[in-house]
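Asks: Coordinates for the following, if possible.
(chains A and B)
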Number of protein chains: 2
Amino acid sequence: MRIRVLGAAAGGGFPQWNCGCGNCREARSGNPDAVPQTQECVAISADGERWVLLNASPEIRAQIESCPALHPRAPRHSPISAVVLTNGDLDHILGLLSLRESHPLVVYATERVRQGFIDGNVLYRTLERFPGQVTWKVLAMGHKIALSGVESESAGLHIEAIAAPGKPPVHLEGLAETDPGENIGVVIHDPATGKRLAYFSAVGGLTPAMREAIDRADCVFFDGTFWSSDELVALGLGTKRAEDMAHLPVGGAEGSLELLAGARVPRRLYIHINNTNPLLRTRSRERAQVEARGWEIARDGMEFTL
Amino acid sequence: MRIRVLGAAAGGGFPQWNCGCGNCREARSGNPDAVPQTQECVAISADGERWVLLNASPEIRAQIESCPALHPRAPRHSPISAVVLTNGDLDHILGLLSLRESHPLVVYATERVRQGFIDGNVLYRTLERFPGQVTWKVLAMGHKIALSGVESESAGLHIEAIAAPGKPPVHLEGLAETDPGENIGVVIHDPATGKRLAYFSAVGGLTPAMREAIDRADCVFFDGTFWSSDELVALGLGTKRAEDMAHLPVGGAEGSLELLAGARVPRRLYIHINNTNPLLRTRSRERAQVEARGWEIARDGMEFTL
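Replies: Residues are numbered from 1 along each chain as shown, chains lettered A, B, ... in the order given. The predicted model follows:
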């Protein structure tokens, strides 16, 4: 399974347009210790020909152009077979609206995320220009299904959704009851090699099912949004704690670094990293700490094979 | 008046994600004759400190980062005073949804474009996180008003809206009666210098009022979407003619190059250029033809002062 990180940053990207924090200033100054990152999106492929995107960031056009394997091979074509949405946050879904131009799309999501994107969203009509422009495939928790593209062409991979503690996207807050399909992680399984990728880019906690999926995986991408609970508060940039935004922080006694210390997964990467997070600085104390525990920090353009 | 082109391409950008036409292939190959361009957005400023964006492209984050004058000067800050929308097309409005992160915005648009963006658009709730997050200022045709930012801070510029032949955005087609506020051009006037910029980035025709505005201006940006009416049809990439999409082509006996041949405006640029347009190729016959008539082709990063 080929894995290409198209974007490693959390919503807003790094640097963030209206942020002048230390990290963002260093990124803008060209400091090689603070490399700019676009918003989270990862492309995976069993064969290097047909690709599946995990989430659709607002920066999807530049992200596709950054990766030759995703370029068209005909006057109208895309090697992108399908897009998987792990929740309905704008930094995960806005890119779908940039994949218009009358191109058929296959999108995997829970019923809740599908409805959240379609209901009351007049912009979605741009993806309804012809019958079958978007084919939705519903992810149900704990069911492994084959990933396929347009006209059921196999992507050579299987997917399983796992509920992850989360919250509704900001724009849907207060509109409906909470639902376990609001936020998921996925396990991508390559039956040809037996390799498994666990993908949990935004999680508010660690459940036994998540832990089991991670223990069985050959590689995990995990929520690296915040280093600490009070990261935004301490910098004077916000009033919400990491938990208020349904993100398990990396550091601290209750953070994911401790919680996953004994996980058996051989390759582990933090992704969806907020612009304020010290992990974005290659020489930070926090970065040294996670690297000493065998973690990597995902970065735009990173590519590897499982 | 400082003018900075943040993006020169039409919707979809150049290259376009699912397009393998000759232009897009050459752009991807790194041919210096076919330089990639992001989607249309122009920043203007009277003083170099407070900036106004003309349209909000989906690529707005990267476009802001590409221009140091638009970077924050405090932990939470933006030199962007206001955004002007010339119509409701997704390539002009999606960027607003990337200017969230609880930052107050001032947006100028016609009542029709404002309603088209707000009504039935649940995503807009991300810009309603606190009272006054977005202040809408309604543009009425033919009325010159002062451009101002948050808390009525003057941007030092005036704006006048001029109706331009157009059509509703694809996602709103069939939902309401046509309205002259659907699509506009604007004249930006700097009272300190007397200079005028006429901005008509998407127009289906040339009216006497548009012509008069262009004749009075010191610089015009004009719709350069298509070179010819049958550009997409001839390339086998679509069935619609330029006119079907409400774009006046550049070339031909009825094209804008002929129609504006006698215009008195000293500086004239084509912008909003579709990926298929031969004007994107610096050595094309068509490019030589428009340059011989005194036109420039806008390009990302271009900056000049009126």
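Asks: Do you have the strands of chain A handy? List them.
Replies: A:2-7, A:41-45, A:51-54, A:80-84, A:105-109, A:134-138, A:144-148, A:154-163, A:184-190, A:195-200, A:219-223, A:267-271, A:295-297, A:303-305 (DSSP state E).
Asks: got those as TSV, with distance to A:R211, mean pLDDT and mean neighbour count columns?
Replies: C-betas here are computed from N, CA, C, even on glycine. TSV is the format used below for the strands of chain A (distance: least, C-beta to C-beta, whole Å; pLDDT from 0 to 100; neighbours: other C-beta atoms under 10 Å in any protein chain shown):
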stretch	distance to A:R211	mean pLDDT	mean neighbour count
strand A:2-7	21	98	23
strand A:41-45	21	98	24
strand A:51-54	20	98	25
strand A:80-84	21	97	24
strand A:105-109	23	98	23
strand A:134-138	25	97	17
strand A:144-148	18	96	16
strand A:154-163	10	96	20
strand A:184-190	11	98	24
strand A:195-200	10	98	23
strand A:219-223	10	98	26
strand A:267-271	13	98	23
strand A:295-297	16	98	19
strand A:303-305	23	98	12
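Asks: Dump those strands to JSON lines, plus distance to chain B.
Replies: Shown next, in JSON lines, are the strands of chain A (distance: least, C-beta to the nearest C-beta, whole Å):
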{"stretch": "strand A:2-7", "distance to chain B": "11"}
{"stretch": "strand A:41-45", "distance to chain B": "13"}
{"stretch": "strand A:51-54", "distance to chain B": "11"}
{"stretch": "strand A:80-84", "distance to chain B": "8"}
{"stretch": "strand A:105-109", "distance to chain B": "10"}
{"stretch": "strand A:134-138", "distance to chain B": "13"}
{"stretch": "strand A:144-148", "distance to chain B": "19"}
{"stretch": "strand A:154-163", "distance to chain B": "17"}
{"stretch": "strand A:184-190", "distance to chain B": "21"}
{"stretch": "strand A:195-200", "distance to chain B": "22"}
{"stretch": "strand A:219-223", "distance to chain B": "19"}
{"stretch": "strand A:267-271", "distance to chain B": "18"}
{"stretch": "strand A:295-297", "distance to chain B": "20"}
{"stretch": "strand A:303-305", "distance to chain B": "18"}
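Asks: residue contacts, A:P68?
Replies: B:R28 (C-beta atoms under 8 Å, 6 or more residues apart in numbering or on different chains).
Asks: Show me the helices in chain A, by range?
Replies: In chain A, the segments counted as helices under DSSP state H are A:22-29, A:60-65, A:90-93, A:111-118, A:208-216, A:231-234, A:256-259, A:285-292.
Asks: ok, back up a step: B:L175: which of the strands of chain A is closest?
Replies: strand A:134-138 (19.2 Å; C-beta to C-beta).
Asks: Just the angle for that closest one relative to strand A:80-84, thanks.
Replies: Put simply, strand A:134-138 runs at 50 degrees to strand A:80-84, going by axes from the mean of the first three to the mean of the last three C-alpha atoms, to 10 degrees.
Asks: Now do the residue nearest to A:G294 when sequence neighbours are not counted against A:P278, distance only.
Replies: Once flanking residues are discounted, A:G294 sits nearest to A:R268: 6.3 Å by C-beta to C-beta, 6 or more residues apart in numbering or on different chains. Spatial separation of A:R268 from A:P278 under the definition C-beta to C-beta, to the nearest Å is 18 Å.
Asks: do A:R287 as well
Replies: For A:R287 relative to A:P278 (C-beta to C-beta), the value is 7 Å.
Asks: contacting residues around whatever residue of the stretch 151-300 of chain A ends up closest to chain B?
Replies: Nearest residue of the stretch 151-300 of chain A to chain B (C-beta to the nearest C-beta) works out as A:H171 at 4.0 Å. Residues near A:H171 by C-beta under 8 Å, 6+ apart: A:L90, B:V122, B:L123, B:Y124, B:R125, B:T126.
Asks: Check the contact between the fourth one and B:I118; I expect there is one.
Replies: Yes. A contact is recorded between B:Y124 and B:I118 when judged using C-beta atoms under 8 Å, the distance being 5.4 Å.
Asks: The two: who's more crowded?
Replies: Counted by other C-beta atoms under 10 Å in any protein chain shown, B:Y124 and B:I118 do not tie: B:Y124 has more neighbours, with 19 against 15.
Asks: Contacts only, for that one.
Replies: With C-beta under 8 Å, 6+ apart, B:Y124 has these contacts: A:H171, B:L97, B:F117, B:I118.
Asks: now swap in A:G301 and tell me
Replies: Counting by C-beta under 8 Å, 6+ apart, A:G301 makes contact with A:R4, A:V5, A:S66.
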